[in-house]
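[1] here is my input; please provide its structure:
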Amino acid sequence: MRERGEAFDLIDVRSPAEREIAVIPGSRILDQETYDELLRADPDARIVFTCHFGDRSRAAAEHFRQQGFTNLYNVRDGIDGWSRNVDPGVPRY
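    Model prediction:
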């Protein structure tokens, strides 16, 4: 999506401590403010979730699907996979 210049919101469901170790540029943490903002968003908005290995982000995507959102994605293998396959400059932990 990034390479194609497509618009999407990249939401990181990890803790602030985990984000201090490694972060995907342009991502936002899923705190209460972001959560509330997303719930007010267009249910067709493209939202991509990420976490450490992909499990928490999959659960977050499913939660938003249950809230009526339809254009949801999960970064497979999370930030660990991102570091291994996309940007090795992002630290692994």
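[2] for stretch 50-70, measure first residue to last.
    17 Å (Cα to Cα, to the nearest Å).
[3] and what of stretch 39-50?
    Stretch 39-50 end-to-end distance (Cα to Cα) = 18 Å.
[4] again, but for stretch 67-87
    With Cα to Cα as the measure, stretch 67-87 spans 32 Å from end to end.
[5] name the residues that touch that stretch?
    The set of residues external to stretch 67-87 that reach it, using Cβ atoms under 8 Å, 6 or more residues apart in numbering, is 1, 8, 12, 14, 22-24, 39, 43-55, 57-58, 61, 64-65, 90-92. Where you see a C-beta, it was placed from the backbone N, CA and C, and this is true even at glycine.
[6] emit the ChimeraX select command for whichever of those residues are buried.
    With 16 or more other Cβ atoms under 10 Å as the criterion, this ChimeraX line picks the buried residues out of those:
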select :12,14,22,23,24,46,47,48,49,50,51,52,54,57,58,61,64,90
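[7] that's all I had, so thanks and see you.
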